[in-house]
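A.B. asks: Quick check, what structure comes out for this input:
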Amino acid sequence: MSRRSGSADLPLHGGRVPQWLATRMTRLGTVITQAIVHEYGRDELLRRLAHPFWFQSFGAVMGMDWHSSGITTSVIGALKRGLQPLSGELGIHVCGGRGRHSRATPGELLAIGERVGIDGAALAAASRMVAKVDSAAVQDGFDLYLHGFIVTDDGHWVVVQQGMDSERRQARRYHWLSEGLESFLDDPHAAVDGPGRGSIINLADRRARASRTAQVALLHELGPDRIARELGLIDRGNAVPAAPPAPGAQMELMPHLSMPDRHEVKASDIVTRRLHGNLAAAAENGPKDFSGLLQVPGVGARTVRALALVAEVLHGAPCRFTDPARFSLAHGGKDRHPFPVPLKVMDHTIGVLKGAVEGAKLGRDEQLAAIRRLDEQARRLERVATGPSVDELIARERARSHAYGGRSIFGVEPPPAV
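C.D. replies: This is a model prediction of the structure:
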């Protein structure tokens, strides 16, 4: 049976992703997805998308605001645009999206079912049920506005949904995974992201089974009109608090990722030893594996540093993604935090990965193997590596931003003052 695997606080931010970044997010997200499927298979991609920490890091490495709820919309949109032309090759289909696109999900799933020979009606029913559980069975104060449904030709799927509380300017993201799912009403979530608010009404928890049964019985016994009248008489100010857990009861402890409302990246947001491991691996492996092996024009030390972080997104274990801010140091952020998006570096990263994936399709895996070695080396070196502080690294990137083609929503980064 699937289970919740974590939670996170996500500040709610508006605005749109500029076209210059949306295009690159699509290209980078697509080639990372291709590499994961090649190395580990489609089911592993679904497992990663169902992991809230990896999902946030995935968006951050693509240049989206590292802490924002906007990562959800932009990642789903990028994958839908990028994977649609490759659906026949990869056997992966991205449906739904934000607003009106979410309501089109059942129809999209029915069409996919007819095209590839899976039960589209069952998938459409699952889509509706997932949305209903998170909007009605889990009453946490968040109104759903995004529903992304990713399904494979095998009929396996992951759902990423997001709700908002506009008054508190907060968002909550929900992750579902079909693998091991036995019931939509007994702990079905792979993960729930969002701000903690104390007790919530979660009728999808297995411990609420008796409550669900009693509610159905009450409905049959009293009828909806009588229940509505009785509810109107309840003084909510005198509500009885929930009973504490029974002695010896096992409460599931989940990792919690708290994303701050501030835009700037601070040293406390990053596990420095991991960052120094990334930097050291790039310095040691770069000349040997990239300048000599990949032969991609323009690939220098800065691109290899970005590739070291991308390599971890490709190969890292779940425990490696507790600091999503670290992955924003690959390609910055559109809001200029931690620094403007270095377009030249991002384009070179995409070029290296695309060449590696294209080579792997032809049976030449040495380029993807070089990227894998970056991740392996980073984990070995992080125990002993040293390097600049986070503040120093960010300051250095901003000083060099113009040379890297730095750009943000505020425009092209000007050259440093003489």
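A.B. asks: what's the burial count for A317?
C.D. replies: 9 (other C-beta atoms under 10 Å). C-beta: built from backbone N, CA, C; applies to glycine.
A.B. asks: Over to it: give its phi and psi.
C.D. replies: Backbone torsions for A317, taken as degrees, to the nearest 10, come to phi -80, psi 160.
A.B. asks: cool, the one 5 residues further on as well?
C.D. replies: Geometry field for T322 lists phi and psi as phi -80, psi -10, criterion degrees, to the nearest 10.
A.B. asks: Name the nearest residue to it, sequence neighbours excluded.
C.D. replies: Nearest residue to T322 in three dimensions, chain neighbours excluded: F53, at 6.1 Å (C-beta to C-beta, 6 or more residues apart in numbering).
A.B. asks: wait, the one you found sits on R326?
C.D. replies: No - at 11.4 Å, F53 and R326 do not qualify as touching, with contact defined as C-beta atoms under 8 Å.
A.B. asks: Compare neighbour counts for those two and give me the winner.
C.D. replies: Neighbour tally, F53 and R326, criterion other C-beta under 10 Å: the higher count belongs to R326, 26 against 22.
A.B. asks: Identify the residues contacting the more buried one.
C.D. replies: Neighbouring residues of R326 by C-beta atoms under 8 Å, 6 or more residues apart in numbering: S57, D269, I270, V271, R274, L275, N278, L309.
A.B. asks: again, but for H263
C.D. replies: Counted by C-beta under 8 Å, 6+ apart, H263 has contacts D65, H67, G333, D335, H337.
A.B. asks: what does E382 give?
C.D. replies: Under the criterion of C-beta under 8 Å, 6+ apart, the contact list for E382 reads R273, R274, H276, G277, N278, A280.
A.B. asks: Show me what the longest helix seen in the chain is packed up against.
C.D. replies: Taking DSSP state H as the criterion, the chain has its longest helix at helix 19-40. The helices and strands touching helix 19-40, judged by 3 or more C-beta pairs under 8 Å, 6 or more residues apart in numbering; DSSP states H and E, are helix 42-49, helix 52-61, helix 70-83, helix 87-90, helix 301-315, helix 343-361, helix 366-381.
A.B. asks: among the contacts of R326, which are in helices?
C.D. replies: Filtering these for helices - DSSP H - leaves S57, R274, L275, N278, L309.
A.B. asks: Next one: the nearest residue to the fourth one once chain neighbours are set aside, what pLDDT does it get?
C.D. replies: What it means is N278. For N278, ignoring the flanking residues on the chain, the nearest one in space by C-beta to C-beta, 6+ apart is A308 at 4.3 Å. The score at A308 is 94. That number is its pLDDT.
A.B. asks: element containing Y174?
C.D. replies: strand 170-177 (DSSP states H and E).
A.B. asks: can you pull the contacts of W20?
C.D. replies: With C-beta under 8 Å, 6+ apart, W20 has these contacts: L343, R407.
A.B. asks: So what's the residue count around A399?
C.D. replies: A399 - counted by other C-beta under 10 Å - has 11 other residues nearby.
A.B. asks: That one against P414, yeah?
C.D. replies: No - A399 is beyond contact range of P414, at 12.0 Å (criterion: C-beta under 8 Å).
A.B. asks: If you count contacts, what does the helix or strand where S328 lies end up packed against?
C.D. replies: For S328, the enclosing helix or strand under DSSP H and E is helix 328-331. Helices and strands touching helix 328-331, by 3+ C-beta pairs under 8 Å, 6+ apart, are helix 52-61, helix 301-315, helix 343-361, helix 390-399.
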